[in-house]
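>>> Dropping the sequence and predicted coords here.
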Amino acid sequence: MHQRVRKAVFPVAGLGTRFLPATKSIPKEMLTVVDKPLIQHAVEEAREAGIEQFIFVTGRMKTAMEDHFDLSYELEATLAERGKTKELEQLRAALPPAGNVCYVRQQRPLGLGHAVWCARHLVGDEPFAVMLPDDLVLAKTGCMKQMVDVHAETGGNVVGVVDVPREHTRRYGILDVADDDGRLATVRGLVEKPAPEDAPSTLSIIGRYILEPAIFKHISEIGRGAGGEIQLTDAMVRLIGGDRPFHGLRFAGRRYDCGDKLGWLEANIAFALAREDIAEPLRRILAEYR
């Protein structure tokens, strides 16, 4: 039986420059999709997957996230006084259990690998999830829940993947695949942003990972890679071919890149259309812009 995934790391120290000036004073992870911040969508996905401990790797100007996952006595008292029971229940349901949220600082922006490495002491010696809130997945069963279920069967390392057009491979980390049953691919290598003619496949990693704790040793050894940053992909390459399997899961659902303005706008539309309370009014509004 494989060790259960109990912890998730959320690398949220980025500056969000693509969304300036909105992100000048608020974290990009607090941008809302419909009525929930991106970071809340990610935490809810993690909780659905059975994650118990939530580790935020933060930076300067990120305290709004800490406040969001804390009690707001004044707001709750006001809602209770005004009889807004539904809103009060929504606030309380969004809070993880007391003591289950941790914060650690990434003082310098040295890349995703470095951000994950900053959480090493909080993760300890067990498999863990990494979730990038920029990647938002609309699915009947959450993407991380699907990955945790696969990990319970296979153990080792599991990454969420999507097929991308071959001409777009130079934008992503691409899998070199040994076996592929159409859902689960056995990975024999990773190539960072290959040219289309050199790409070993069109399977791209998205911001969902389940990793073995051995990744921390590899991160500490690899040094800086592309862009002068410590790349998580470079460390993951070293996990392949060992005594633990490495799989890519084509999850059921659709991924939206909310690190991009158009992707974020599309996610707002898609998530709104998936809600019974606002889908039809939104369709009427959208019809006016055809």
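Noted; the coordinates are in hand.

>>> quick one: the strands in the stretch 51-200 of the chain?
Applying DSSP state E, counting those that start in this stretch to the stretch 51-200 of the chain gives strands spanning 53-58, 101-105, 128-131, 135-138, 157-163, 173-180, 184-192.

>>> which of the ones you listed sits most buried?
strand 128-131 (a mean of 26; mean count of other C-beta atoms under 10 Å). C-beta coordinates here come from the backbone N, C-alpha and C atoms, glycine included.

>>> on that earlier part again, the strands of the stretch 51-200 of the chain into a markdown table, with extra columns for distance to residue 224 and mean pLDDT?
Formatted as a markdown table, the strands of the stretch 51-200 of the chain follow (distance: least, C-beta to C-beta, whole Å; pLDDT from 0 to 100):
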| stretch | distance to residue 224 | mean pLDDT |
| --- | --- | --- |
| strand 53-58 | 18 | 95 |
| strand 101-105 | 20 | 93 |
| strand 128-131 | 19 | 97 |
| strand 135-138 | 24 | 96 |
| strand 157-163 | 22 | 94 |
| strand 173-180 | 17 | 87 |
| strand 184-192 | 13 | 88 |
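
>>> Out of those, flag the one nearest residue 74.
strand 101-105 (20.5 Å; C-beta to C-beta).

>>> the inter-axis angle of the closest one versus strand 53-58?
Interaxial angle, strand 101-105 versus strand 53-58 (axes from the mean of the first three to the mean of the last three C-alpha atoms, to 10 degrees): 30 degrees.

>>> So residue 246 versus residue 78, what's the distance?
From residue 246 across to residue 78, the span is 50 Å (C-beta to C-beta, to the nearest Å).

>>> Looking at these two, which is more packed in?
residue 246 (25 against 13; other C-beta atoms under 10 Å).

>>> Show the pLDDT at the more buried one.
With respect to pLDDT, residue 246 scores 92.

>>> Please apply the same query to residue 59.
87.

>>> returning to that earlier point: so can I have JSON lines of the strands of the stretch 51-200 of the chain showing distance to residue 255?
Shown next, in JSON lines, are those (distance: least, C-beta to C-beta, whole Å):
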{"stretch": "strand 53-58", "distance to residue 255": "21"}
{"stretch": "strand 101-105", "distance to residue 255": "25"}
{"stretch": "strand 128-131", "distance to residue 255": "12"}
{"stretch": "strand 135-138", "distance to residue 255": "5"}
{"stretch": "strand 157-163", "distance to residue 255": "6"}
{"stretch": "strand 173-180", "distance to residue 255": "14"}
{"stretch": "strand 184-192", "distance to residue 255": "16"}
